[in-house]
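S.K.: coords please:
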Amino acid sequence: MTAYNWQKSSFSGDTANCLYLAAVPDGAVKLRESDEPDTVLTTTPGRLRALLLGVKAGEFDHLAQ
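M.R.: Numbering: from 1, shown residues only. The predicted model follows:
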């Protein structure tokens, strides 16, 4: 696996389940979760921004109930 500079979400604190992000040289963004570190998703900064805005706006709240 390529070594990326993974950044842990500060919201995760000291919990065992964490989300990690890494910016890669080609401009993509990699995401992984601590429970499945070998499963890596790749997206673009624009798509990640759209997801984060949707989460902040509550568009996915129904999925957490």
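S.K.: rest of the way, CA atoms for contacts and neighbours
M.R.: Fine.
S.K.: so where's this protein shaky on pLDDT?
M.R.: Counting by pLDDT under 70, the chain shows low-confidence ranges at 1.
S.K.: tell me where it has helices.
M.R.: Per DSSP state H, the chain carries helices over the ranges 45-56.
S.K.: which residue, other than its chain neighbours, is closest to the spatially most central residue of the chain?
M.R.: Nearest residue to the geometric centre of the chain (Cα atoms, centre = their mean): Leu31, 4.2 Å. Leaving aside its sequence neighbours, Leu31 sits nearest to Leu21 (Cα to Cα, 6 or more residues apart in numbering; 4.7 Å).
S.K.: shouldn't that neighbour be in contact with Lys30?
M.R.: Yes: between Leu21 and Lys30 there is a contact at 5.6 Å, judged by Cα atoms under 8 Å.
S.K.: ok so, going back, and the residue nearest to the centre of the chain, bridged to which residues?
M.R.: Beta-bridge pairing for Leu31 (DSSP bridges): Leu21, Leu41.
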